[in-house]
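# Pasted the sequence and its predicted model underneath.
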Amino acid sequence: MKALKPIAMAFLVGGIFAVIGQAITMFWLPILGGDSPFMGFAVLVSMGVIGVVMFLTGLHQKLAPIAGFGTILPFNGFCAAISDAYVSAANETEKSAAGVKAALGLVGYVLGWGCLFILVIAVVSFFVGGLI
């Protein structure tokens, strides 16, 4: 039973962030329209701002040990991680350029490995799809 608590908390917090994301989507829908190419951008930026604000206020750091992947996996968790990389490097070196470099390095790492992973999946899907 003890092992289920972290899983349940991750699903609960992740679900709350999903509801917040849906509420943000419903907020932008009448403003931008459902067929707007900016809809996804507006929702992601809004969730990113929430993640940065949560990090700056310390809420993300308090919630992360309790909820685990429920705070890390959503987009706002990625933005909080970027904020953490920037603040940590800038405080350590006392130079904001080091913070920018660390933040961009994290973004590059995640996007680089993500693109490589998607490319492998696409190639496998292409060849497996041709066999079916």
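Cool, the structure landed. Numbering: from 1, shown residues only.

# only C-alpha atoms for contact and neighbour calcs from this point on.
Noted.

# And the helix or strand of the chain with the lowest mean pLDDT, what's buried?
For the chain, counting by mean pLDDT, DSSP states H and E, helix 69-72 ranks last in confidence among helices and strands (a mean of 79). Of all the residues in helix 69-72, those buried under the rule 16 or more other CA atoms under 10 Å are 69-72.

# what about Met47, distance to Thr93?
Computed with CA to CA, to the nearest Å, the distance linking Met47 and Thr93 is 29 Å.

# which one's the longest helix in this structure?
As assigned by DSSP state H, the longest helix anywhere in the chain is helix 96-131.

# Can I get the buried residues of helix 69-72 in TSV including distance to Ile121?
Written out in TSV, the entries for the buried residues of helix 69-72 read as follows (distance: CA to CA, whole Å):
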residue	distance to Ile121
Phe69	23
Gly70	25
Thr71	26
Ile72	23
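
# how about Gly34, secondary structure?
When the structure is split into helix, strand and coil by DSSP: H, G, I helix; E, B strand; the rest coil, Gly34 lands in coil.

# remind me which residues of this protein are low pLDDT?
130-132 (pLDDT under 70).

# hmm, back to that, any idea how far the helix or strand just after the least confident helix or strand of the chain is from the middle of the chain?
Later in the chain than helix 69-72, the nearest helix or strand by DSSP states H and E is helix 75-93. Distance of helix 75-93 from its chain centroid, counting by CA atoms, centre = their mean, to the nearest Å, is 12 Å.

# and what of stretch 101-120?
Taking CA atoms, centre = their mean, one finds the center of stretch 101-120 at 13 Å from the center of the full chain.

# No more questions from me, cheers.
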